[in-house]
Structure formats: structure tokens, C-alpha cells
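Colleague: give the three-dimensional model of this entry:
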Amino acid sequence: MNFAMLASLLTALCTVLGALPILLFTQVTHRGRDILLAFTAGIMVSASTYGLIPSALRLSNLFVLSAGVLLGTAVLLLMERYVPHEDPHHAAEGSALRTGAFFFLAAMALHNLPEGLSVGVSYGSSSHSLGAVVALSIGLQNVPEGFLTALFLITRGMRKHQAIGWTAMTGLVEWLFCWVGYTFSDGFQAIVPYGLAFAAGAMLFVVYKELIPESHGDGNERSSTFAFIVGLLFMIGMTHMLT
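Modeller: Numbers count the residues shown, from 1 in each chain. The predicted structure is shown next:
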């Protein structure tokens, strides 16, 4: 148990490690922000369609995948409708926790939830080597995810130390759910594919509802489209190297 929690803590800290380079950034232009938003959207689409969805299918079937994706989409839709938040004003500055930042953080936290469960369930399984392999692969993927999360938050006007703090909170979700997955490993074996599909649905909702419209609002459509494709290919390459 202690080793499983330590491994999961290290994977969560990889999220913070990836966020630290934002301390080197001084200012992001409006065009640069749109490009970074589109790049982040490409990363999230790739992580969903090339990582989470195939993993859910390997562990279950099309029904489970569809149910999980639709549930993740529905939860984010309900949060947008009933949780108080500001409507996005693309040219306005101010509070970083506007709609886009709020739902982006929610999506990343939901994305880390099944990852934490996966690490815990893997360590609780009969295969002693599975936990280490899963923890290592998730930890390596958390580095660019942490960077992109923190970078997105500072493009919304958040202070750098606050962005790192919020990014760390998304990693904490992963650590906590590792404990849940390890403690109840037998009961959570069947839930993991639902969780992976749920995270995919939540991320795709944020991409289509927030990131793409935000990145196309000020005449930077061409550069943002190219950045989206580069982000998509970048994450596919990362996933391919780690699997």
C-alpha cells in the first residue's frame, strides 16, 4: 500500500514538474494566447481519441465507451448550466476563473481521476509489475499535461504561482483516487473503462465548447488551426513513444 501511494504521489508531482517552466514566461500576446489555446485543444483531442477512448475499448466494449463519453459530456454540460460562472469575453482581462479556465480545470481533474484509479487498481491486481508500468507511463504523460494546464491558466490572466497551485490540485485528484483504487481494487476493476470514457467525454466537451471558439475569435483562425494540428500530432507522438 505504501509503495502504491508513493508511486502515485510521484506521478502527481510530475504534473507540478511540468508546470514549473511557466515561471520563465513574461508575457503572452493575444495571438500567442490563441495559438496556445488551439495547441492545447489538439493535445486534449489526441489524448481523448488516441489514448483514453482506445484504452476504454480494450477494457470493455462500445456500449461502455458510449455511456462513459456521454456521461462525461452531460456532467460538464450540467456544470456549465448550473454552476455560477462568468460568460467568456474574449478580449477582456480579469479573473482567470472564467468559464474556459473553470471547465478546463474541471476537465483535467476528471481526466486525472481514472488515471489515479488505474494506478491504484494496477497495484492491487495480481500482477506485481503492472502497477509500476502504469505509474511510469502516466507520470511521463503528466509532465506535458502539467505544462499545458498551467500555461492555459496564465493565458487567462492568472498569476504564475496560482496557476502552478491549481495545476497541483488537479494532480492531487490523481493521488487521492489511487488510494481509492488500491483500497477497493476488486470493486473498481469494472469501473475503470467507464472512468476513462468519462474523462474523454469531458475533455472533448471543453475542446469544442470553449477552446476552439476562444482560439478563433480574433482573426487568428489559420495559425490556430495549424497549432491545433501540431498539438494533435505532438500528443500522438508522445503516446506512441510511451506505449
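Colleague: please name the nearest non-neighbouring residue to the spatially most central residue of the chain.
Modeller: Centre of the chain computed as the mean C-alpha position; nearest residue by C-alpha atoms, centre = their mean is M108, 3.3 Å away. Counting by C-beta to C-beta, 6 or more residues apart in numbering, M108 lies nearest to T170, which is 4.6 Å off, once chain neighbours are set aside. Heads up, the C-betas are built off the backbone N, CA and C, glycines and all.
Colleague: tell me which residues of the strand or helix carrying the one you found come out buried.
Modeller: For T170, the enclosing helix or strand under DSSP states H and E is helix 160-183. Judged by neighbour count (16 or more other C-beta atoms under 10 Å), helix 160-183 contains these buried residues: 160, 163-164, 166-182.
Colleague: tell me the angle the helix or strand that contains L6 makes with helix 160-183.
Modeller: Assigned by DSSP H and E, L6 belongs to helix 2-19. Using axes from the mean of the first three to the mean of the last three C-alpha atoms, to 10 degrees, the interaxial angle of helix 2-19 with respect to helix 160-183 works out to 160 degrees.
Colleague: contacts for the helix or strand that comes right after helix 2-19?
Modeller: The first helix or strand that comes after helix 2-19 along the chain, using DSSP H and E, is helix 30-46. Under the criterion C-beta atoms under 8 Å, 6 or more residues apart in numbering, residues 28, 91, 104, 107, 144-145, 148, 151-152, 155, 203-204, 206-207, 211-212, 214-218, 220, 223-225, 227-236, 239 lie in contact with helix 30-46.
Colleague: try 7 Å this time
Modeller: Judged by C-beta atoms under 7 Å, 6 or more residues apart in numbering, the contacts made with helix 30-46 from elsewhere in the structure are 28, 148, 151-152, 155, 203-204, 206-207, 211-212, 214-215, 218, 220, 223-225, 227-232, 234-236.
Colleague: ok, and the closest non-adjacent residue to L232?
Modeller: Computed as C-beta to C-beta, 6+ apart, the closest residue to L232 that is not its neighbour in sequence is G42, at 3.8 Å.
Colleague: so where's this structure uncertain?
Modeller: Within the chain, the segments meeting pLDDT under 70 span 1-2, 26-28, 83-100, 125-131, 133, 137, 242-243.
Colleague: hmm, back to that, who are the packing partners of the helix holding T170?
Modeller: helix 2-19, helix 99-124, helix 130-155 (3 or more C-beta pairs under 7 Å, 6 or more residues apart in numbering; DSSP states H and E).
Colleague: now do the closest residue in space to P21 that isn't next to it in sequence against L70, distance only.
Modeller: In space, and not counting its chain neighbours, P21 is closest to F147: 6.1 Å by C-beta to C-beta, 6+ apart. To L70, F147 is 30 Å away according to C-beta to C-beta, to the nearest Å.
Colleague: more neighbours: which of the two?
Modeller: Of the pair F147 and L70, F147 is the one with more neighbours under other C-beta atoms under 10 Å, namely 20 against 13.
Colleague: the more buried one reaches A19, doesn't it?
Modeller: Yes - between F147 and A19 there is a contact at 6.1 Å, judged by C-beta atoms under 7 Å.
Colleague: just the helices and strands packed on helix 160-183: most buried one?
Modeller: Taking mean count of other C-beta atoms under 10 Å as the contact definition, the stretch among those with the greatest mean neighbour count is helix 99-124, which reaches a mean of 25.
Colleague: sounds good, over and out.
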